[in-house]
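# this one's structure only:
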């Protein structure tokens, strides 16, 4: 592919993501299976116009999400399977959130934000910040929570990989700050049977017991959920872990969170900050793109190791170590009190 063609390919990237989104939104991946189904049958069952539905199915085939056979028959591909609700590694929620109308509308503000130096498109578009908007919009909140659960599963795998071989022998209690439904903490409790843990999270996130991971992963007796706000205080623990939390917030807000953890931690306490770490200018990296996403949805950003170390120093922590997942997509900054 020539440089010209590569540039053109970038320009039309939206076509791919919106075609994928439409397939998810219309239920295509829930109905099409490994057994061939004709386009006319798919259109009838999903209540779609046949001619337009076939063109969508054909496009999804071109993206490698479906496979088109003779006579307009379609089957789902291994890649398409990740867009099904019942797939343990489903990406369906992420597709609905990131390509859905609420988030899509935010990106039109990007040029203006960069001009005036004020990030976060949610107040510009909706008059509310992200978490305020989430609390006041039940349908959006449902999709948001589904997406966060999917993100969490992916990121947990990266975090546990980065922490492979980490010495938890001197740690008895772990607090997952902003830990969602507890997937990361419960994964650590499974791997380290001597640990006990607490998730501190907003009440709205942990109120549905069916979404919590402690019972599903067999660690209910060692896992506790506490409703609260990390900007006020956090529970006592030997070690604290935050996965993709600080990137949501500005430096001043991060200082407040880290200070609260420092004040709650015992002598020789530990904090583990799991984030997409931005590498040097010579390396293209997912974090540099995710950073622009954060510019649109919140007040935070993706940071370099040096920037996180500065935040640790400002709040009394000492930088002890940095770990990376094998994929290079997740890094962990270790701070010691």
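Okay, I see it. Worth saying up front: this structure is predicted, and the values here are computed from it rather than measured.
# how far does stretch 326-337 sit from its chain's centre?
With Cα atoms, centre = their mean, to the nearest Å as the basis, stretch 326-337 stands 16 Å off its chain's centre.
# actually stretch 209-222, sorry about that
20 Å.
# again with stretch 215-226
With Cα atoms, centre = their mean, you get 22 Å for stretch 215-226.
# please report phi then psi for residue 199.
Note on residue 199: backbone dihedrals following degrees, to the nearest 10 are phi -100, psi 120.
# contacts only, for it.
Residues in contact with residue 199 (Cβ atoms under 8 Å, 6 or more residues apart in numbering) are 175-176, 179-182, 185, 206, 223-226. (Glycine included, C-beta is placed from N, CA and C.)
# please repeat the previous calculation with a cut-off of 6 Å.
176, 179, 182, 185, 225 (Cβ atoms under 6 Å, 6 or more residues apart in numbering).
# what is it paired to in the beta sheet?
For residue 199, the beta-bridge partners under DSSP bridges are residue 176, residue 225.
# grab the nearest non-local neighbour of the residue located most distally from the centre of the chain.
For the chain, the residue at maximal distance from the C-alpha centroid (Cα atoms, centre = their mean) is residue 71, at 39.4 Å. Nearest non-adjacent residue to residue 71, counting by Cβ to Cβ, 6 or more residues apart in numbering: residue 38, 6.8 Å away.
# these two touch, right, the one you found and residue 73?
Yes. Counting by Cβ atoms under 6 Å, residue 38 touches residue 73, with 5.4 Å between them.
# count the neighbours of residue 212 for me.
22 (other Cβ atoms under 10 Å).
# my guess is it meets residue 179, correct?
No. The criterion here is Cβ under 6 Å, and residue 212 misses it with residue 179 at 10.5 Å.
# the residue nearest to residue 107 when sequence neighbours are not counted: how many residues sit nearby?
The shortest distance from residue 107 to any non-neighbouring residue, by Cβ to Cβ, 6+ apart, is to residue 296 (6.0 Å). Counted with other Cβ under 10 Å, the neighbours of residue 296 add up to 21.
# isn't residue 296 right up against residue 108?
No. In this structure, residue 296 is not within contact of residue 108 by Cβ under 6 Å, at 9.6 Å.
# may I have the phi/psi pair for the residue nearest to residue 231 when sequence neighbours are not counted?
Of all residues not flanking residue 231 in the chain, residue 256 sits nearest, at 5.7 Å (Cβ to Cβ, 6+ apart). Note on residue 256: its backbone torsions stand at phi -60, psi -50 [degrees, to the nearest 10].
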